[in-house]
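Student: need a structure here:
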Amino acid sequence: MLTEQHTIFLCLVFIVAGFFILLSQIFNRIQRRQHFDNFVGDKKEQQKKPFLDVILFAITRAFTSNEEEVFKKFYAAGFYHFKYAKYYIPLKYISLLGGLVGLYFIHQEQWLSANNVMIAFAIWLMICILAPDAFLASKAKALTRKISKQLPYLLDLMAVCVQTGMTIESSMSYLGKEMASFDKDLSHMLNKTTDRARIVGLDKALDELYATIISNEMRSFVMTLKQSLQYGTSIYHVLTTLAKDIREVQMLDIEEKIGQLSAKMSIPLVLFIMIPVVILITAPGIMRMMADV
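Tutor: Predicted coordinates:
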């Protein structure tokens, strides 16, 4: 049986964990917005807003979402044609209320003590409120990393298409159809961009693409295409050079992670080898001293 102190401690642990998860989501939301504002050049608008207002806006957005925002979350996570996004918010709160009713009846039947019911309530609250958003955020990050890694190969294919005489729009449309069989995410990204380019223009469509997939590789890709459209530079050599640069940056990131492995491997070495060895060396002397006393 858990004592009252143990119950309070576990509840505080779950509350603090949920608070840090919420803070991480708010920080990621602010960071994404700042990246996009810096890219589109909306710095005057950004300077007028105090930092406290930005934080309060992100907090309110974390708890209140309309149907469009929910659809954007699912879209960024890779669920492009999810028809039930409008039921996401009601389902979260219905599940929360259903869990509370279930815990109430469990407590009435005395299957669990009041302390265990409080712990179960804290766990269920975290699962219903934070877990779905955390899952969608992790899926969105994984999708962004995947597309960023595949971007150099896309640039090489676009360069080949441009060299054969295709325009940027036609090459993106052609590659979007051809890549549908083995990479549906890149294919959907290209098809969506070409469809939007027919309506609002390629410049605006590229901005919308970067707003969906925010990464350094995608920013370089979008800026390269926009500069080529604006100044009329040769796009073939620019695409091949950009693909080479992105590969070099990715290789540098891999080398940096490999270099960090030695420091990370020293942590279990200290915890599981050096500390027990120190205890084994000092324990006999300490035991003899205690025996003499």
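
Student: how close does the spatially most central residue of the chain sit to Lys72?
Tutor: Nearest to the mean C-alpha position of the chain, by C-alpha atoms, centre = their mean, lies Lys141 at 3.2 Å. According to C-beta to C-beta, to the nearest Å, Lys141 stands 15 Å off from Lys72. In short, each C-beta sits where N, CA and C put it, glycine included.

Student: thinking again about what came up before, show me what contacts the residue nearest to the centre of the chain?
Tutor: Listed by C-beta atoms under 8 Å, 6 or more residues apart in numbering, Lys141 has no contact partners.

Student: which stretch of helix or strand covers it?
Tutor: helix 131-163 (DSSP states H and E).

Student: Show me what the helix or strand Lys264 falls within packs onto, helices and strands only.
Tutor: Per DSSP H and E: Lys264 is located in helix 235-269. With contacts taken as 3 or more C-beta pairs under 8 Å, 6 or more residues apart in numbering; DSSP states H and E, helix 235-269 sits against helix 131-163, helix 216-231.

Student: if you average pLDDT over each of those helices, which comes out lowest?
Tutor: Ranked on mean pLDDT, the bottom entry among these is helix 216-231, at a mean of 85.

Student: ok, residues contacting that one?
Tutor: The contact list for helix 216-231, computed with C-beta under 8 Å, 6+ apart, reads 35, 39, 144, 147-148, 151, 155, 168, 202-203, 206-207, 209-210, 233, 235, 238-239, 242, 245-246, 249.

Student: again, only this time at 6 Å
Tutor: With contact meaning C-beta atoms under 6 Å, 6 or more residues apart in numbering, helix 216-231 is reached by Ser148, Leu151, Asp203, Leu206, Tyr210, Ile235, Val238, Leu242, Ile246.

Student: I'd like the residues you listed as TSV, with neighbour count and distance to Ser220 appended.
Tutor: Converted to TSV, these look like this (neighbours: other C-beta atoms under 10 Å; distance: C-beta to C-beta, whole Å):
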residue	neighbour count	distance to Ser220
Ser148	18	10
Leu151	23	9
Asp203	13	16
Leu206	22	12
Tyr210	19	10
Ile235	20	14
Val238	17	10
Leu242	22	6
Ile246	21	7
